[in-house]
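J.: Provide a 3D model corresponding to the input given below.
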Amino acid sequence: MPHFTVVPVEDSATSNYDSLEGINWVDYRDTGQGGHPGHLDTEDSPFLSSADADRKTDFYDRNLALFEEELDIRPKVSSLLSRLVNYTNITQGAREHEEAENTEMSLRKVPKSPNMGTLMGVYLPCLQNIFGVILFLRLTWIVGTAGIIQSFLIVLMCCSCTMLTAMSMSAIATNGVVPAGGAYFMISRSLGAEFGGAVGICFYLGTTFAAAMYILGAIEIFLKYLVPQAAIFHASDHHGGDSAILNNMRVYGTICLSLMAVVVFVGVKYVNKLASLFLACVIISIVSIYAGAIKSVFQPPDFSICMLGNRTLVRDQFDVCSKTVLEGNVTVPSQLWRNFCSSGNMSSPQCDDYFNQNNVTEIQGIPGLASGIIRDNMWGDYLEKGQILEKAGLPSVDVHGAVESVGLYVSADIATSFTLLVGIFFPSATGIMAGSNRSGDLKDAQKSIPIGTILAITTTTLVYFSSVVLFGACIEGAVLRDKFGDAVSKNLVVGTLSWPSPWVIVIGSFFSTVGAGLQSLTGAPRLLQAIAKDNIIPFLRVFGHGKANGEPTWALLLTGLIAELGILIASLDMVAPILSMFFLMCYLFVNLACAVQTLLRTPNWRPRFKYYHWALSFLGMSMCLALMFISSWYYAIVAMCIAGMIYKYIEYQGAEKEWGDGIRGLSLSAARYSLLRLEHGPPHTKNWRPQVLVLLKLDEDLHVKYPRLLTFVSQLKAGKGLTIVGSVIQGQFLDSYGETQASEQAVKNMMEIERVKGFCQVVVASKVREGIAHLIQSCGLGGMKHNTVVMGWPYGWRQSEDPRAWKTFIHTVRCTTAAHLALMVPKNVSFYPSNHERFTDGTIDVWWIVHDGGMLMLLPFLLKQHKVWRKCKMRIFTVAQMDDNSIQMKKDLATFLYQLRIEAEVEVVEMHDSDISAYTYERTLMMEQRSQMLRQMRLSSAERERESNVRRMHTAVKLNEVIVNKSHDARLVLLNMPGPPRNTDGDENYMEFLEVLTEGLERVLLVRGGGREVITIYS
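T.: Just a heads-up that it's a prediction; the model follows:
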């Protein structure tokens, strides 16, 4: 809580600017007249001290009498310019209660009897989701390609990542009740709507592409191993084989996807009931692998492979693994011979060179666990696309064979690398969210989710590790690298090891893959529906609707269309890295959520699961990021771009959600740290920017009276720096609290319309001037306080019988001066341009009469950054007196602007001494008569006061003539605002001086400096 202390202070008539040490004071006056020295030995400031007040007559005459108070403590422009131009090679100093959820959330249906335990509710669903198509279709190929050691590393990396994520997920899931929604719910409530929406969409896309991957896996099993003759497209030669396979996958994949979508649409309850059957298929298939491995110790299965030299042959192209066969007593060419030779005549064969010079041998494809083949499979053998599978150690004569014979060998269908295999395998480790997704059905979710998930990951990891060892120890390397089992008569490679029959694996993996696809098609639309119902991504709102029973019809349709994109890719090996990216993005943010909550030590962070640490979460997050770029750096960039765009879209739309998320806590911690850093001292001149307090007036209906004030501020600030919009309600706080809230909301609405990014503060005070003084004193926090005040002009003050309006205005001017704040008063603000207007030409004119710390130079530069003022040119006028060298002043001003890197035209206006006109006396008399009438007293001013008023009016009239003459067509005129008189008796005269000074100008911005330099020539 900020601590406020109210102390009585005495009004001070002086203000100090930042020191410009060591600058020579040079004045353009004739030094012989006043004996003014060329250098002040005691001068630490560019402004005159109070000790020099007796010499004030040296610094102003009748043409600048209106600014005599400023010239007591501030230099003339000519003197300042001379000093700055002659100032070279001087080093700078070293100063430097949680809201309720929305109606949809609160009315979300809860199952009647959440009585599922750890085994049925978490452990088995996680097993079913983790074990999948990759284990049966690709793990043998990964082991053969990468070798046992690198395969171990791949499994270790992927499973370690998911284990660390599961620990972070368990901490989040046990920190209070987690309704259905899984990862999306956890991340959105931990990291906010922006992160939740981005990661929720990534999780949805990952689940949708998982459905496509499972369907492609099922179709691959169907076409390769179950019913090969069902293929529609056939290769005319070995070059067209790939395209024929892909087209078959697309056709059957689309049909299968359509059937599955219909099943999900019609009867999702049957999908859930069949889940146990699909899980049983997975378990039976895995058990058959272990049984076959054990059996291979005593009786290896008979799957021989045929080798020509050291090259592996496609077995279904011939019947006997021999060049010749004996029919009766006659040796005749075999089917293999006829494949390689164009003539069947053995006496004059025209055969492939490689076939002629190498022998045909037959080796055991499944040597068994006791064969010692594990030594050969320890290291990897990465292949290029089209490279023939070879077995090291077999004799071979290395000659080029005929191109026509390539289709007879088993070759690699894609180029392989370690990173590719990581991306393909990672989907085997996903599915760890199945338990948290069912949290609404669990009897004790905070106990079951951590235990069940971690046990499931441990079980699957052990199965993967043991499978890697068993595959490497039982199966010949050439068979392992044979992705589709061409060397073993088109059998599924893992099926050749299983017992009692390869069909156990083929049928079991087919049903388990179909089941996994159905589960993904069931879960993905519900996740999208949950995101849509939260209404954080407006264009997804339509997908929150569904059938009368809540089934997400539109979401299912979109899911089917996206899954079809994966089907059209038609390659399991290309789809797997895509869903790996989206799942890794999801897991990354789960770890980030846990780490942020742990480090912030938020009071509500009290997970029942204790075995977590922020370092483990960061390690898991780093592993997710590393795996993304290891498996596919371009997919990783695409996934991150998708998440980033969704994040920025939600942020831009402004999701109206307050979930007590960790990012808000992180923002508070960062804000506290930054505020404490800002307390070290005032900002350097290079870092100075207007931090604005806007004083708004509200009408009787609590509407903003002059909204163009906010328009002007938005154009000046362009969203940068601090903006506080303040207003005062007259009355007692106890009676006006509701009115205060309504006023704040009205101001905030207007700020949103005018695109002003900042804060609003409305205070209640018995007098308006007291409320304004409170705002000026107490707005802001620590080092993040305003340094500039913007307020409107009191229009109609002459006609009003109530003097409080203009007295409040002058009181505010005095308050800003006392607080050493800059002041801006836009006059005729209703004529200022809106944010939709564009000035295509025109000028912004600056009338620089006394030095104000550089505010007059800085403000036009800031305005020109906005599109409304960008095309305007900047002109700077300054006033030269009789004894000033106007030519030298113009040169110095041009040099000064060049050093400031500000482009502007420069003009020095000479104001010669002239007699006081009759018009000046007339305006002065009118002013004094009005003053007499207001005070209800006779004109009893002393002659000296009368002379002072005449001189001031003369300054206002003369300056106004010059300004109107030069700047009558300017888009905006910036002008030094003279200070109010020290004697409050002359306040109404001060208002008249300002009116005369700005007469005939359409848009005027009166500016007073805050007592410090705000612009510098240094980088």
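
J.: got a list of what Phe759 touches?
T.: 722-725 (Cβ atoms under 8 Å, 6 or more residues apart in numbering). Every C-beta, even on glycine, is put in place using the N, C-alpha and C of the backbone.

J.: Name whatever forms a beta bridge with it.
T.: Applying DSSP bridges to Phe759 yields these beta-bridge partners: Ile724.

J.: Quick check: the gap between it and Leu722.
T.: 8 Å (Cβ to Cβ, to the nearest Å).

J.: for Arg798, same thing?
T.: Taken as Cβ to Cβ, the span from Arg798 to Leu722 is 35 Å.

J.: So what's the residue count around Arg138?
T.: Residues lying near Arg138 (other Cβ atoms under 10 Å) number 23.

J.: Would you report the backbone torsion angles of it?
T.: phi -130, psi -20 (degrees, to the nearest 10).

J.: So that it lines up with my notes, have the first residue be 589 from now on.
T.: All right, first residue 589 from here; so that's Arg726.

J.: Quick check: closest non-adjacent residue to it.
T.: Among residues not flanking Arg726 along the chain, Ile1012 sits closest, at 5.9 Å (Cβ to Cβ, 6 or more residues apart in numbering).

J.: how far away is the one you found from Val1497?
T.: From Ile1012 over to Val1497 (counting by Cβ to Cβ), the distance is 78 Å.

J.: Between the two, tell me which one has more neighbours.
T.: Neighbours per residue (other Cβ under 10 Å) separate Ile1012 from Val1497, with Ile1012 holding more: 26 against 15.

J.: ok, now how distant is the spatially most distant residue from the centre of the chain from His1439?
T.: Using Cα atoms, centre = their mean, the residue of the chain lying farthest from its centre is Asn917. It sits 81.2 Å away. Distance of Asn917 to His1439, computed by Cβ to Cβ: 121 Å.

J.: Read off the pLDDT value for Tyr1237.
T.: We have a pLDDT of 85 for Tyr1237.

J.: Correction: the previous question concerned Asn651.
T.: Taking Asn651 on its own, its pLDDT is 67.

J.: likewise the one 5 residues further on?
T.: In the prediction, the pLDDT value recorded for Glu656 is 72.

J.: That one - how many residues pack around it?
T.: The number of residues near Glu656, taken as other Cβ under 10 Å, comes to 20.

J.: Quick check: it is in a strand.
T.: No: Glu656 is assigned helix when assessed by DSSP: H, G, I helix; E, B strand; the rest coil, not a strand.

J.: the bottom helix or strand of the protein by mean pLDDT?
T.: helix 619-622 (a mean of 40; mean pLDDT, DSSP states H and E).

J.: What helix or strand is Val1335 located in?
T.: helix 1325-1341 (DSSP states H and E).

J.: Can you name the residues in contact with that helix?
T.: With contact meaning Cβ under 8 Å, 6+ apart, helix 1325-1341 is reached by 1284, 1286, 1290-1292, 1295, 1298, 1313, 1315, 1317, 1319, 1321, 1345-1346, 1348-1350, 1352.

J.: Could I have the buried ones of those residues as ChimeraX selection syntax?
T.: Restricted to buried positions by 16 or more other Cβ atoms under 10 Å, the ChimeraX selection for these reads:
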select :1284,1286,1290,1292,1295,1298,1313,1315,1317,1346,1348,1349,1350,1352
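
J.: Mind checking which of the contacts of helix 1325-1341 are in strands?
T.: 1284, 1313, 1315, 1317, 1348-1350, 1352 (DSSP state E).

J.: and the two most separated of these?
T.: Within the ones in strands among the contacts of helix 1325-1341, Val1313 and Val1352 form the most distant pair, 16.1 Å apart (Cβ to Cβ).

J.: burial count for the spatially closest residue to His1408 that is not a sequence neighbour?
T.: Once flanking residues are discounted, His1408 sits nearest to Gly1599: 4.2 Å by Cβ to Cβ, 6+ apart. The local packing of Gly1599 (other Cβ under 10 Å) involves 21 other residues.

J.: if I read this right, Gly1599 contacts Gly1441, doesn't it?
T.: Yes: if you go by Cβ atoms under 8 Å, Gly1599 and Gly1441 touch, sitting 7.0 Å apart.

J.: Okay, the residue nearest to Arg726 and Ala832: tell me how far apart.
T.: For Ile1012, the distance to Ala832 equals 22 Å [Cβ to Cβ].

J.: same check, this time on Asn917
T.: In terms of Cβ to Cβ, Asn917 sits 43 Å off from Ala832.

J.: next one: Leu1322
T.: On the measure of Cβ to Cβ, Leu1322 and Ala832 end up 84 Å apart.

J.: In terms of neighbours, single out the busier of those two.
T.: Ala832 (15 against 7).

J.: same for the host helix or strand of that one, what does it pack against?
T.: Element membership of Ala832, judged by DSSP H and E, is helix 829-854. When contacts are defined as 3 or more Cβ pairs under 8 Å, 6 or more residues apart in numbering; DSSP states H and E, helix 829-854 sits against helix 781-809, helix 856-861, helix 1090-1122, helix 1141-1157.

J.: at 6 Å what do you get?
T.: helix 781-809, helix 1090-1122, helix 1141-1157 (3 or more Cβ pairs under 6 Å, 6 or more residues apart in numbering; DSSP states H and E).

J.: Tell me which of those helices lies nearest to Lys857.
T.: Among the helices and strands packed on helix 829-854, the nearest to Lys857 by Cβ to Cβ is helix 1090-1122 (10.1 Å).
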